[in-house]
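Visitor: 3D model of this:
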Amino acid sequence: MPVIIENVEAGGIAYKKGMRSGDILESINGNEVNDVLDYQFYITDEKLDIVYSRSGKERHVRIKKPEYEDIGLIFSTYLMDEQHTCRNKCMFCFIDQMPQGLRKSLYVKDDDERMSFLFGNYITLTNLREADVERIIRMHISPINISVHTMNPELRVRMMKNRFAGECLNYIYMFAKAGIKMNCQIVLCPGINDGEELIYSIEKLASLYPAVQSIAAVPVGLTAYRERLEKIEPYSKETAQEVLNIINGFGDKFEKEYGTRLIYPADEFYVICGSDTPDYEYYGDFLQLENGVGMCTLLRHDFIQALKTAPESIVSRKISIATGEASYKIIKCLVDMAQDKWHNLECKVYKIDNDFFGRSISVTGLICGQDLIKQLSGADLGEYLLISDSMLDSENARFLDDITPSEVETALNVPLKAVPCNGGYELLSALIGEEL
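Guide: Sure, this is the predicted structure:
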């Protein structure tokens, strides 16, 4: 599928060869270019035979350049075509549990293998054609992040409500044979894919180590908007502990065999059990941070390291922090450490209940602007209110409920400051008002 070149970098190789904005890229070295993965793969050669067209007339240009050097073509999107969306109807899908009326982008169910490689998104494999699998293997696109959920084909069909969900598990074995690295995710639903089914899935995935380089187990998120959806029970302290026992039993075993724990529980399981997350060394290379695995531990570790090099004295400050139930304990602990060091630092940590999505949702990243306004109105928040940047979109412009930070600032009469969700140095810097 030919793609339109939006711009050509002035002074770049392609520009010098006469290529311009609006030209249509047809092929590179005889290979069609359908998306950015094709382009990035074929552009690495030292000798390029590029076919493009302008005003319906086909043109050829030959380029000789250093290997891997870019030639300066710019496209309108990373994908060059429409994003592949999810074909499943998973029983635990968070998007299906959202109320109507939020911004449209929140209802897009991404399931695009290219986004997995480019941005670390997770895919279910059900969108892949054999040609896609062959391309991934041929280009050795790695790592790929896969939402597995279960290695039982029949159960996967039931959970994802897609008749192809079971058979496409074969792609995992094909990728492993080809040496493609994979990070796997299992969203656990009590009594459905945990217990013996979890044991089965862990054993199957672990047999593919080192191609499968990490596995994250995450508890299902249940909002208050599940009226027409299949009933799923939330995790209790007892059932969460059963999951931890299984995962840590396997983790101890794999650490002895492979030198890595391989399977990791999300921090939420420890929160549900009322216990602390493990030490820093437990998480290895922290490959599953995006799944909330090890975030509390990394935050604590980096914060303590930052404290060691922080100044001995600071200007008196009075500020506040808003966080979710899942991270309240660790944030409060870190603030107490800072206040022990600087007695002129006054910081109040507020635990925000998620009234918008439902009280069972405890993660900080799902706190909405209206919950901040409702629960903090009238409070003495000091010089400014710290929030996690995970509450906001990628541009830090809006909360999930489409409320802007400026609207929250006006309602609460305090400036907001967004801090990286796992940035210990950044958190301490924001607390004391000094760069570290």
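
Visitor: all strands for the stretch 1-150 of the chain, in order.
Guide: For the stretch 1-150 of the chain, the strands defined by DSSP state E, counting those that start in this stretch occupy 3-4, 7-8, 24-28, 31-32, 47-54, 57-64, 73-74, 144-147.

Visitor: Distance-wise, check residue 39 relative to residue 421.
Guide: Taking C-beta to C-beta, to the nearest Å as the measure, residue 39 falls 32 Å from residue 421. Placement of C-beta: from N, CA and C, glycine included.

Visitor: ditto for residue 228
Guide: Computed as C-beta to C-beta, the residue 228 to residue 421 distance reads 32 Å.

Visitor: Ok, residue 432 next?
Guide: Distance, residue 432 to residue 421, by C-beta to C-beta: 19 Å.

Visitor: now do residue 37
Guide: In terms of C-beta to C-beta, residue 37 sits 29 Å off from residue 421.

Visitor: Equivalent analysis for residue 175, please.
Guide: Counting by C-beta to C-beta, the gap from residue 175 to residue 421 is 30 Å.

Visitor: For this structure, which segments count as helices?
Guide: 13-16, 36-42, 113-119, 130-139, 153-160, 170-177, 196-206, 237-258, 267-273, 295-309, 325-341, 369-376, 405-412, 424-432 (DSSP state H).

Visitor: Please work out which of those is packed deepest.
Guide: helix 267-273 (a mean of 22; mean count of other C-beta atoms under 10 Å).

Visitor: Report the rounded mean pLDDT for that helix.
Guide: For helix 267-273, mean pLDDT is 95.

Visitor: when you give positions from now on, start the count at 6
Guide: Sounds good: first residue 6 from here, last item helix 272-278.

Visitor: Put the alpha carbons of that helix into PDB.
Guide: Provided in PDB are the C-alpha atoms of helix 272-278 (Å, rounded to 0.1, in the frame of the first residue of the first chain):
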ATOM      1  CA  ASP A 272       1.700  -4.300  43.400                       C
ATOM      2  CA  GLU A 273      -2.100  -4.300  43.800                       C
ATOM      3  CA  PHE A 274      -2.000  -7.900  45.200                       C
ATOM      4  CA  TYR A 275       0.200  -6.700  48.100                       C
ATOM      5  CA  VAL A 276      -2.100  -3.700  48.700                       C
ATOM      6  CA  ILE A 277      -5.100  -6.000  48.900                       C
ATOM      7  CA  CYS A 278      -3.300  -8.200  51.400                       C
END
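
Visitor: Any stretches of the stretch 6-155 of the chain with poor pLDDT?
Guide: 6-7, 82-90, 108-110, 112-125 (pLDDT under 70).

Visitor: what's the closest non-adjacent residue to residue 433?
Guide: residue 311 (4.3 Å; C-beta to C-beta, 6 or more residues apart in numbering).

Visitor: In contact with the one you found, which residues?
Guide: Residue 311 makes contacts with 429-430, 433-434, 441, as judged by C-beta atoms under 8 Å, 6 or more residues apart in numbering.

Visitor: Please identify which of those residues is nearest to residue 237.
Guide: Of all the contacts of residue 311, residue 237 sits closest to residue 429, with 34.3 Å by C-beta to C-beta.

Visitor: how far away is the residue lying closest to that closest one once chain neighbours are set aside from residue 278?
Guide: Using C-beta to C-beta, 6+ apart and skipping residues adjacent in sequence, the residue nearest residue 429 is residue 307, 2.7 Å away. The gap separating residue 307 from residue 278 is 24 Å, by C-beta to C-beta.

Visitor: and the gap between the residue most central in space within the chain and residue 364?
Guide: The residue lying closest to the centre of the chain (C-alpha atoms, centre = their mean) is residue 295, at 3.9 Å. According to C-beta to C-beta, residue 295 and residue 364 sit 25 Å apart.

Visitor: And residue 351, by the same measure?
Guide: Relative to residue 364, and taking C-beta to C-beta, residue 351 is found at 29 Å.

Visitor: same check, this time on residue 346
Guide: 34 Å.

Visitor: hang on, the earlier thing: pick out whichever of residue 351 and residue 364 has more residues nearby.
Guide: Using other C-beta atoms under 10 Å, the more surrounded residue of residue 351 and residue 364 is residue 351, with 14 against 10.

Visitor: Excluding residues flanking it in the chain, which one is nearest the more buried one?
Guide: Spatially, and ignoring its direct neighbours in sequence, residue 351 is nearest to residue 323 (4.4 Å; C-beta to C-beta, 6+ apart).

Visitor: Please work out how many residues are found near the one you found.
Guide: Close neighbours of residue 323, defined as other C-beta under 10 Å, add up to 14.

Visitor: quick one, what contacts the residue lying closest to residue 56 once chain neighbours are set aside?
Guide: Ranked by C-beta to C-beta, 6+ apart and with sequence neighbours excluded, the top spatial neighbour of residue 56 is residue 31, at 4.2 Å. With contact taken as C-beta under 8 Å, 6+ apart, residue 31 is in contact with 7, 37-38, 56-58, 63.

Visitor: buried subset of these?
Guide: Among those, the ones that count as buried by 16 or more other C-beta atoms under 10 Å are 38, 56-57.

Visitor: Adding distance to residue 327, write those out as CSV.
Guide: Formatted as CSV, the buried ones among the contacts of residue 31 follow (distance: C-beta to C-beta, whole Å):
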residue, distance to residue 327
38, 47
56, 55
57, 52
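
Visitor: Show me which of these is closest to residue 160.
Guide: Nearest member of those to residue 160, counting by C-beta to C-beta, is residue 38, at 39.1 Å.

Visitor: Contact partners for the closest residue to residue 59 other than its chain neighbours?
Guide: The shortest distance from residue 59 to any non-neighbouring residue, by C-beta to C-beta, 6+ apart, is to residue 28 (5.1 Å). Residues near residue 28 by C-beta under 8 Å, 6+ apart: 9-10, 13, 57-59, 64.

Visitor: For residue 195, see how far away residue 28 is.
Guide: Taken as C-beta to C-beta, the span from residue 28 to residue 195 is 56 Å.
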